[in-house]
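1. sequence and predicted structure are below.
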There are 4 protein chains.
Amino acid sequence: MPNTMKAVLKSAPKPGADLKQVAIPEVGPTDVLIRVRATSICGTDLHIYEWNDWAKNRIKPPQIMGHEMTGLVEKVGERVTSVKEGDSVSVETHIPCGFCYQCRTGRSEVCQNLKILGVDRDGAFAEFVSIPEIDVWKNDPKMTPEIATIQENLGNAIDTVLAEDVAGKTVAVMGCGPVGLFAIGIARACGATAIFATDVNRYRLEIARKMGANAVLHAVEDKVVESVMEETKGDGVDVVLEMSGNVNALKQGVQLITSGGRVSLLGLFNGDVTLDLNEGIIMKGVRVYGITGRRMFSTWYKAARFLESHLLDISPVITHQFSLDDINEAMELMKSGNCGKIVFFPNSK
Amino acid sequence: MPNTMKAVLKSAPKPGADLKQVAIPEVGPTDVLIRVRATSICGTDLHIYEWNDWAKNRIKPPQIMGHEMTGLVEKVGERVTSVKEGDSVSVETHIPCGFCYQCRTGRSEVCQNLKILGVDRDGAFAEFVSIPEIDVWKNDPKMTPEIATIQENLGNAIDTVLAEDVAGKTVAVMGCGPVGLFAIGIARACGATAIFATDVNRYRLEIARKMGANAVLHAVEDKVVESVMEETKGDGVDVVLEMSGNVNALKQGVQLITSGGRVSLLGLFNGDVTLDLNEGIIMKGVRVYGITGRRMFSTWYKAARFLESHLLDISPVITHQFSLDDINEAMELMKSGNCGKIVFFPNSK
Amino acid sequence: MPNTMKAVLKSAPKPGADLKQVAIPEVGPTDVLIRVRATSICGTDLHIYEWNDWAKNRIKPPQIMGHEMTGLVEKVGERVTSVKEGDSVSVETHIPCGFCYQCRTGRSEVCQNLKILGVDRDGAFAEFVSIPEIDVWKNDPKMTPEIATIQENLGNAIDTVLAEDVAGKTVAVMGCGPVGLFAIGIARACGATAIFATDVNRYRLEIARKMGANAVLHAVEDKVVESVMEETKGDGVDVVLEMSGNVNALKQGVQLITSGGRVSLLGLFNGDVTLDLNEGIIMKGVRVYGITGRRMFSTWYKAARFLESHLLDISPVITHQFSLDDINEAMELMKSGNCGKIVFFPNSK
Amino acid sequence: MPNTMKAVLKSAPKPGADLKQVAIPEVGPTDVLIRVRATSICGTDLHIYEWNDWAKNRIKPPQIMGHEMTGLVEKVGERVTSVKEGDSVSVETHIPCGFCYQCRTGRSEVCQNLKILGVDRDGAFAEFVSIPEIDVWKNDPKMTPEIATIQENLGNAIDTVLAEDVAGKTVAVMGCGPVGLFAIGIARACGATAIFATDVNRYRLEIARKMGANAVLHAVEDKVVESVMEETKGDGVDVVLEMSGNVNALKQGVQLITSGGRVSLLGLFNGDVTLDLNEGIIMKGVRVYGITGRRMFSTWYKAARFLESHLLDISPVITHQFSLDDINEAMELMKSGNCGKIVFFPNSK
């Protein structure tokens, strides 16, 4: 094993990223060192790359970027019992404290002291990552790296879709970024009987159709509310999944939700949101779920099972694969929106 | 039985109300005619009295006002089987169609064709009311009229509080109008272990304390968020009940809700609401319930049982009793806010 | 329209059934007269035909048998508003009272005064049926009669499977009669990631595979518990659906359920059941749901949507089609167990 | 600090218990050493004392008995962060593995590799106990030891009562041992509007009344089913809590549960149970919950809050207090049933 490794660093408090040679991380008694086979880009990574307001307030350079990943266990700390060298694993990148009110009542995804890989500590765009055992998820060795790295992100979609069940229900997915696209596939696999998808990017709407949407609508150019109302005979949809972070999408969502229906909010908005809560939520008796992401580890079990059973095929969403050397090219592609999920292979594939 | 009766009419499309002598309503084959013993004022009645924008668009004068009520069955239609002459009854004033998607899936409170007594047809500020059998609720004959008329309104509080259970949880009630005050009593009766109540009216905060609030806070003059956070050791409350329709109260609410907590929205806002959904709802993983009011008839069973078992004492909220002749005086008192619930006795008490 | 019609009668308190000419039923003000296009056999019909102990205590001959059905509206009572002559409809055969505790709290499927078509009053093995409007379900006119008649029975399977969601879960279906077979298809359509099916009849196990079971096991000859445990890596299944009414199947079920899992009980047992509740239910923290059948009308919406969206294909279960004249032949086939669902066409198909 | 301590040992595989001087337990890096202030007797301890069949198969003498306890932190391991020397703590005695399917999906109470204090390793009837940090619960320093030791056991009652909410519901508690008595108090505090309690011991029925039961019934001498049915006007109760482990109680329970109601099973039965599942569970559409005990740590939060808010007063159930020297006397009292909860004070009170 070498002493140093290749890693994508946010070196300084400004836009961009640097590929550098850095020390391999240390492994404490309850940690697991993983040789990264695949790591993928999340919207958060783009925010850090672009150095937006959120990133300026949260990130402390220099720090290794990235968090979605899979790899092989290289070494385990002396108190680690659940995995061993050579195991194929993925990583939950929320590191909860274990002792706050939320952690002690089964809600570690909203831990009061949550640390996030690649946000609050060194991340996964690197050849090696060290992570507490509690965050390690053991994969079926047959799962390919480009799929295994997606499972965490897929968990966000699972939590959004399955906040309540969708079996025998009609669903609108507002926003077809990668998580929205996963949501379509999951809703389809879990018995949604009609799925309407919206976005402003026709490239993504095309993938939406492949993922199982019954109808795809351009969020601005098509008459979204009228179309969905007509297709549902005036009832509207049972479930709205807001995955865009766009206020107009949310406004459309609360117009086309049926009374007594359910809305899941995953997309983060650009500032405060102005909304007619009376007509949109209260008088309709609607339930709204704020979604922070996957659960440890109920969404992971579901993600693995959907993939292993082939009930869900996410390959249409994995549109690009790169070497870590091409980080800047990949980030620019992310910015354009003309991509689904982008995967890196830090070690030789 | 006479041919005409006394009734409070919205006679013309303008503010005010008139006490007039009108025909006693007809009784169809599935209807029940009720001699009104007590009827109470709801915020909706005040909107109609004041002739606000909502009332202008919805109400078609001339129409008898009022909807909360109790009385004795005077006469039943030929197909009525569940009540008989002389029974003490109260009335659910939502008249659902029975055949829309919502009605056929157990959500008649958001029926697509809902008609409301005193809003879409003649109401209860009168000596007699005719109502479909499906809306009649049989009372324990021992229940007094001033309590029995409150049950429907109490159901709104029950649905707000019990959207999820409150047992062993901490609760903040934002807004201490009558429904907020009921909510405090219900939360207390159902195991909330700490209840924080806010309002801008000290008269109402005083009643809040009588109903069981552990701490009452002036929404503007006290440091609401800081106080609640201190009392809950930084965790915030498990449950926020928004009963004020005031945006600032809602903003306080999402600041003091614990991550993974639940918000119920009952109060209607004066126009669109501007809110930080990211920090307030999404990142906190909060669930929000829009509440339209009682359920047919699960909240009625609970209301009757809470009252009959004396687990809940609503007498501190019933602050004033009037003859129907004093409608204008009563309405002006409602406007002032220095009252709880106001009850009329259209027939001799 | 004729004055009399063909109908299958239980004429006398003894085994068998008679095809007779009887009066066409009357149509009250809130009733709908339906010209039957298709009607199908349920296990209950076989009990009545065979005149078992339950039937002896419940059925009052002479009475027309049968309840699952679909047809065209022939005539409506004067107060009927939701359907009109010529509409394609199916029928919920539970006739609830509307006013008991259960009916008034959204649980009319367990109404205290429930009347059942073909059990407590004349049924559907006939050319015409008269039914209260409240029980009429409007079909998509494109749905074929042999499918439309199955929807009620399908609702039993839907309620059994979806008592809690099955998305991303492993499921064991104990018993592959028609409702068990439907349950397999529904579990598959709703995201169950592994489905194990058991029965003692290989004909039915073959259909189970067609409906989407991942593994089929002979309940006696195969090592059911060992096999399922091995396939689930020792965890057992998340969900057990008991559709056989066989005690040994239930015993296997509680052995292979994972701790914290869910059991739905639909099959009725032949007498009392002896079970290790300690190990099977209590120490495992298992939830058990008694299932009486479909809900009015949430399971109907789901049934129609699964069928119309082609997420569910029930054609492998509809194994035989007969004229009503062949009632005895059909009943004998039912007894043999070598069939799925049997459909009659009382009027010319 | 001394080198040895007083402890109640199951020294040999036979009935009885011995008070001995033993070594103070070791403290690993993630362990907490607690100086025991109070420890209380659970039914399990009596089984071990009496050396019944279950104990013979599970317990490996010599081992220190007992598990319910509270004390002050004496010393913490080097990796412990959540408590410090001098803190008042209680202990969850389920020690979960943290990595099985159940642990990783929020159900550690049914961990596949669960170890229990006083059952699978040395217990709490001693002056000192060493326990993993993960199992330590920090008390309000104002809580008295005789109350603080009861919290774990109280959690069993909380989980039984609150498997679904009881607000506005009627409840039958079958069995008034300590956990049944706690359940009565909790149901009362959480809004149950009528509580029926049964037992065969009049001493315990008397305490039941003090805890808030509206009616107490002798399980054999009174007409339990008839009485409850009459009091509930024929509807039966919404909730049955089986806390006796007696088959006849369970049989009464399923007779008096209303259709669509809920049963919680906590009591362990003496062998297999023979039951009419058709009439008792299936045709009634009843939900049954197997209850293994408290949750880590949601039931602990509720227990602490109910006690600290004084919504729940458990003092009527704490009937006896002893020195550890009187272990045999206390155990004989337990056998007699003429007691509620018995508390020991291993160190000077």
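-> That came through fine.
2. for the stretch 201-349 of chain A, just list every one of the helices.
-> With DSSP state H, counting those that start in this stretch applied, the stretch 201-349 of chain A shows helices at A:202-211, A:224-231, A:247-256, A:277, A:298-308, A:327-336, listed in chain order.
3. with mean neighbour count, mean pLDDT and distance to chain D added, can I get those helices in a markdown table?
-> All C-beta atoms are positioned from the backbone trio N, CA, C, and that covers glycine. Putting these into a markdown table (neighbours: other CB atoms under 10 Å in any protein chain shown; pLDDT from 0 to 100; distance: least, CB to the nearest CB, whole Å) gives the following:
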| stretch | mean neighbour count | mean pLDDT | distance to chain D |
| --- | --- | --- | --- |
| helix A:202-211 | 19 | 98 | 27 |
| helix A:224-231 | 17 | 98 | 34 |
| helix A:247-256 | 21 | 98 | 29 |
| helix A:277 | 25 | 98 | 26 |
| helix A:298-308 | 23 | 98 | 5 |
| helix A:327-336 | 17 | 95 | 32 |
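4. how about the ones you listed, which one is nearest C:Leu162?
-> Distances from C:Leu162 to each of the helices of the stretch 201-349 of chain A were compared by CB to CB, and the smallest falls on helix A:298-308, at 16.5 Å.
5. now for A:Pro2, which secondary structure element holds it?
-> Assigned by DSSP states H and E, A:Pro2 belongs to neither a helix nor a strand.
6. let me know whether it touches A:Ala23 as I believe.
-> No - assessed by CB atoms under 8 Å, A:Pro2 is found out of contact with A:Ala23, at 10.2 Å.
7. just to revisit the earlier point, can I get the helices of the stretch 201-349 of chain A in CSV including distance to D:Gln252?
-> CSV is the format used below for these (distance: least, CB to CB, whole Å):
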stretch, distance to D:Gln252
helix A:202-211, 54
helix A:224-231, 52
helix A:247-256, 49
helix A:277, 49
helix A:298-308, 37
helix A:327-336, 65
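8. just so I know, which of the ones you listed lies nearest B:Leu312?
-> B:Leu312 sits nearest to helix A:277 of all those, at 28.7 Å, using CB to CB.
9. return the list of helices and strands in contact with that closest one.
-> Helices and strands touching helix A:277, as assessed by 3 or more CB pairs under 8 Å, 6 or more residues apart in numbering or on different chains; DSSP states H and E, are absent.
10. one step back: out of the helices of the stretch 201-349 of chain A, which comes closest to B:Val288?
-> Between B:Val288 and these, the tightest spacing by CB to CB is seen for helix A:277, at 9.1 Å.
11. roughly how far out does the closest one sit from the chain middle?
-> Chain-centre distance of helix A:277: 28 Å, with CA atoms, centre = their mean, to the nearest Å.
12. one more: stretch A:31-38?
-> Counting by CA atoms, centre = their mean, stretch A:31-38 comes out at 20 Å from the chain centroid.
13. tell me which residues are up against that stretch.
-> Applying CB atoms under 8 Å, 6 or more residues apart in numbering or on different chains, the set of residues contacting stretch A:31-38 from outside is A:24-25, A:27, A:69-77, A:80, A:83, A:88-89, A:91, A:124, A:126-133, A:136, A:145-146, A:148-149, A:343-347, A:349.
14. buried ones among the residues you listed?
-> Buried positions within the contacts of stretch A:31-38, assessed by neighbour count (16 or more other CB atoms under 10 Å in any protein chain shown), are A:24-25, A:27, A:69-77, A:80, A:83, A:88-89, A:91, A:124, A:126-133, A:136, A:145-146, A:148-149, A:343-347.
15. out of those, which are inside helices?
-> When DSSP state H defines the helices, the subset of the buried ones among the contacts of stretch A:31-38 inside them is A:145-146, A:148.
16. wait, which of the helices of the stretch 201-349 of chain A is closest to B:Ala187?
-> Across the helices of the stretch 201-349 of chain A, the minimum distance to B:Ala187, taken as CB to CB, is reached by helix A:277, at 22.3 Å.
17. dump the residue contacts of the residue in the stretch 201-349 of chain A that chain C sits nearest to.
-> When you check the stretch 201-349 of chain A against chain C by CB to the nearest CB, the closest residue turns out to be A:Lys302, at 3.0 Å. Contacts here follow CB under 8 Å, 6+ apart; on that basis A:Lys302 touches A:155, A:158, A:162, C:167-168, C:193.
18. same deal with A:Ser130?
-> With contacts defined as CB under 8 Å, 6+ apart, A:Ser130 is in contact with A:25-28, A:31-34.
19. apart from its chain neighbours, what residue comes closest to it?
-> The shortest distance from A:Ser130 to any residue that is not its chain neighbour, by CB to CB, 6 or more residues apart in numbering or on different chains, is 3.9 Å, and that residue is A:Pro25.
20. and A:Gly180, by the same measure?
-> Spatial nearest neighbour of A:Gly180, excluding adjacent residues (CB to CB, 6+ apart): A:Met243 at 3.7 Å.
21. that neighbour against A:Phe269, yeah?
-> No - using CB under 8 Å, A:Met243 is not in contact with A:Phe269; the gap is 11.9 Å.
22. so what sits against both of the two?
-> By CB under 8 Å, 6+ apart, no residue touches both A:Met243 and A:Phe269.
23. more neighbours: the two, which one.
-> Shown here are A:Met243 and A:Phe269; by other CB atoms under 10 Å in any protein chain shown, A:Met243 has more neighbours (31 against 19).
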